[in-house]
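Starting from these lines, generate the structure:
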Amino acid sequence: MTINTPLNLNLQESYRQLAQQLDAAPHGERGALRQAFEKMHGVSSQTVYRQLKQVGWETTRKTRSDAGSTSIDEQTLQEIEAVTRLSQRANGKHTMPTTVAVSMLAGSGREINLSNSRLNQLRRQRKSTAKHQKQASPHQQLRSLFANHVHQVDPSYCLLYYAPCGGQKVQKFVDESDMYANKPENMEKVSNLKCWRYVLTDHYSGSIMVRYYQSKGETSANLWDFLLYCWQSLDSRPFRGVPDIMVWDKGSANTSGAIKNALDALKIEHIAHMAKNPRAKGQVESSNNIVECHFESRLKFEPVNSVEELNQAAEAWYNAWNANLLPRQDSRLRRRGMTQPIARYELWQTILRTPEKLRELPPIEMCRYLLKAEPKPKKVQGNLDISFKHPAAPRSQQYSLKGLAHVVIGEKVAVAPLYYGDCQIMVTISDCLGEEYKHVLEPKEFDQAGFAIDAPVWGEEIIGMADTEVETRNKASDRTAFPDMDLEQIKKAKAKQVTPFEGKLNAHSHLKEIEQPTFMRREGSNIELTEQYQPAQRKPLSRIALKRLVLAALGRPLSIDESQELEQYQDVFDEDIPQIMASLLQPVSPLKLVK
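As a prediction, this is how the structure comes out:
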């Protein structure tokens, strides 16, 4: 009976024999033995040395002093790695081999004196080949502490659509081959009929909720309706309650301001994961795959005729899946750290051991109000209070902002009501850089006389309010202007109008030393005023007006001579009256008799 020995075993035995021959060969003859073996078996010297090493033989040749080094400089090698990495597509495909990178860099003046095979060998040693470059970065696995601690939500386009009405209102599946980017007209045909799958998963228990919506795309209304559906209490399932944290992507519908405000009002921390990083919410991505493979695959064999029927079937399926009640199918949750698998609903119900962790969803009407309620700007009063009308309060209430950073009297802060708590509100304060700071506040309490309970009392220790940011900056400015003085000394110095900066600040005297340039002087054109801007011509006093003014000045009736003298004046104005009076009152010299 002939026994066929595998070829690799024969070669392995041949390498062992060669190793024995090399050990026994005198110095100088090992090369001839190795070359003869290479010629007989048709292998390279590198293969021979590699196989000899596998059978336990190593050369006694002294290691070269330059072993592990290369003649190419580090910068050029990094540039080769960089250009090949930048030629990687989003799907991981590399479009630039090493040969093209070397050719391009050599044409740009880089000195590359190694072969492409040697460069590829160096890249394998450095873990920088295309295979290494497209490897995913290590990820950190996060844990949740209890059921409803973290919910993850993700909408995705479903390859299922429905005709809008009539006898064609039946289920259809989209042919993926028709949905390529180079066939947009095919996608347009079903643009109004798209069926969107919304999936939510509880990170702790792995419970899955799914619901379908017929829409052109993702919308805030559909997302909010889906969240309310998942969080409300239904008789058909134990799962309910709002989470402490909700993780979603950065889609336009998900990051709408209205939903963010509503989540803030419910005290739900919303975390949007980094774009193009599906591993950040890998559990809900896996849940989408579970829904597609374990539920939607059934629809081809038992079609449904509308989205309403689809949602009824989906609810029946996810309840059976979460409770591990599917016939001949084990849907229990399995994690590597678990001692044994457990039904998802069973693990979720551990939250009932700590009822304070289960936060029931408010009435649907209140939730829809929270979606419409936008933060309102409120002015900060002089005592650092704001006034706000909470929807659960009969009237406006006062909230104190004492001790909060970046609060400025007279400025406005954004205020939104919170559902949980006694008329709590969320105040958003922005600093000078636009960074927002959120604070949860409760209304102030007052006594029957209308005084705040925490206000200081007359005759007892009165503690002043802490400095605001503006006051702190003002005091720092005063200390700069009046060095080596405390606040009381600065106050006195201001009252005495002491010169700031110790009088060393040259405020205006240096302006006298400025040398003005010599300007060429040119005559400008005269402005000719129109008639409406010309001064009106004055009219002289009439004889009657003149006599009245003189009569009033004299305080007596005019004599005949004075009246006759006034008749001689013409073109008289008001400013001429003093001169006329002087002439009238001048005594007349008596006539001398000439003999």
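
Pull the residues that contact the strand or helix carrying Ala545.
According to DSSP states H and E, Ala545 maps onto helix 543-554. With contact meaning CB atoms under 8 Å, 6 or more residues apart in numbering, helix 543-554 is reached by 541, 557-558, 562-563, 566-567, 569, 572, 574, 577, 580-581, 584. All C-beta atoms are positioned from the backbone trio N, CA, C, and that covers glycine.

Check stretch 465-478 too.
The contact list for stretch 465-478 (CB under 8 Å, 6+ apart) reads Leu384, Lys402, Gly403, Ala405, His406, Val407, Val408, Ile409, Leu487, Ile490.

Show me which positions of it end up buried.
Thr468, Asp478 (16 or more other CB atoms under 10 Å).

Report the backbone C-alpha coordinates of that stretch in PDB.
Output in PDB follows, covering the C-alpha atoms of stretch 465-478 (Å, rounded to 0.1, in the frame of the first residue of the first chain):
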ATOM      1  CA  MET A 465     -24.100  89.800  47.900                       C
ATOM      2  CA  ALA A 466     -21.100  88.200  46.200                       C
ATOM      3  CA  ASP A 467     -19.600  90.300  43.500                       C
ATOM      4  CA  THR A 468     -20.900  89.800  40.000                       C
ATOM      5  CA  GLU A 469     -18.600  89.400  37.100                       C
ATOM      6  CA  VAL A 470     -19.100  93.000  36.200                       C
ATOM      7  CA  GLU A 471     -18.300  94.200  39.700                       C
ATOM      8  CA  THR A 472     -15.200  92.000  39.800                       C
ATOM      9  CA  ARG A 473     -13.900  93.500  36.600                       C
ATOM     10  CA  ASN A 474     -14.700  97.100  37.800                       C
ATOM     11  CA  LYS A 475     -12.800  96.600  41.000                       C
ATOM     12  CA  ALA A 476      -9.800  95.200  39.100                       C
ATOM     13  CA  SER A 477      -9.900  98.300  36.900                       C
ATOM     14  CA  ASP A 478     -10.000 100.600  39.900                       C
END
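
so for the lengthiest strand in the chain, what's the average pLDDT?
Secondary structure of the chain per DSSP state E: the longest strand is strand 150-162. Strand 150-162 comes out with an average pLDDT of 82.

strands paired with that strand, and their directions?
Strand partners for strand 150-162, identified by DSSP bridges, are recorded as strand 171-173 (antiparallel), strand 194-202 (antiparallel), strand 245-248 (parallel).

want to throw the ones you listed into TSV with mean pLDDT, mean neighbour count and distance to Ser331?
TSV is the format used below for those (pLDDT from 0 to 100; neighbours: other CB atoms under 10 Å; distance: least, CB to CB, whole Å):
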stretch	mean pLDDT	mean neighbour count	distance to Ser331
strand 171-173	54	16	24
strand 194-202	91	23	13
strand 245-248	92	20	23
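
Quick one: closest of the ones you listed to Phe451.
Of all the strands paired with strand 150-162, it is strand 245-248 that lies closest to Phe451, at 40.4 Å by CB to CB.

Which residue, other than its chain neighbours, is closest to Glu79?
Leaving aside its chain neighbours, Glu79 sits nearest to Leu105 (5.8 Å; criterion: CB to CB, 6 or more residues apart in numbering).

Settle this for me: Glu285 is touching Val153, isn't it.
No - at 11.4 Å, Glu285 and Val153 do not qualify as touching, with contact defined as CB atoms under 8 Å.

any idea which of the contacts of stretch 465-478 has the most stuff around it?
Val407 (20 neighbours; other CB atoms under 10 Å).

sec struct for it, please.
Using DSSP: H, G, I helix; E, B strand; the rest coil, the secondary structure recorded for Val407 is coil.

Tell me the confidence at it?
On pLDDT, Val407 comes in at 87.

That one - nearest residue in space that isn't next to it in sequence?
Nearest one to Val407, counting by CB to CB, 6+ apart, is Leu401 at 4.8 Å.

So the one you found is in contact with Asn383, correct?
No - the pair Leu401 / Asn383 is not scored as a contact, 9.4 Å apart, by CB under 8 Å.

Compare neighbour counts for those two and give me the winner.
When neighbours are counted by other CB under 10 Å, Leu401 comes out ahead of the other of Leu401 and Asn383, with 23 against 13.

Could you check how far that one is from Asn474?
19 Å (CB to CB, to the nearest Å).

Same check on Glu302?
On the measure of CB to CB, Glu302 and Asn474 end up 75 Å apart.

Which positions in stretch 317-329 come out as buried?
For stretch 317-329, by 16+ other CB under 10 Å, it's Trp317, Tyr318, Asn319, Trp321, Asn322, Ala323, Asn324.

Please save the CA atoms from whichever strand or helix holds the third one in CSV.
In this case it means Asn319. Element membership for Asn319 (DSSP H and E) is helix 307-323. What follows is helix 307-323, C-alpha atoms only, in CSV (Å, rounded to 0.1, in the frame of the first residue of the first chain):
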residue,chain,number,x,y,z
VAL,A,307,-48.4,51.3,7.6
GLU,A,308,-51.1,50.9,10.3
GLU,A,309,-51.1,47.1,9.8
LEU,A,310,-47.3,47.1,9.6
ASN,A,311,-47.1,48.9,13.0
GLN,A,312,-49.5,46.4,14.6
ALA,A,313,-47.4,43.5,13.3
ALA,A,314,-44.2,45.2,14.5
GLU,A,315,-45.6,45.7,18.0
ALA,A,316,-46.6,42.1,18.3
TRP,A,317,-43.1,41.0,17.1
TYR,A,318,-41.0,43.2,19.4
ASN,A,319,-43.0,42.3,22.4
ALA,A,320,-42.4,38.6,21.6
TRP,A,321,-38.8,39.3,20.9
ASN,A,322,-38.1,41.2,24.1
ALA,A,323,-40.0,38.6,26.2
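
Just say helix, strand or coil for the closest residue to Arg30 other than its chain neighbours.
Once flanking residues are discounted, Arg30 sits nearest to Leu22: 5.2 Å by CB to CB, 6+ apart. With three-state DSSP as the basis, the three-state label of Leu22 is helix.

contacting residues for Leu22?
Contacts of Leu22 (CB under 8 Å, 6+ apart): Arg30, Leu33, Arg34, Leu52, Trp57.

Before I go, just wanted to say thanks for your time.
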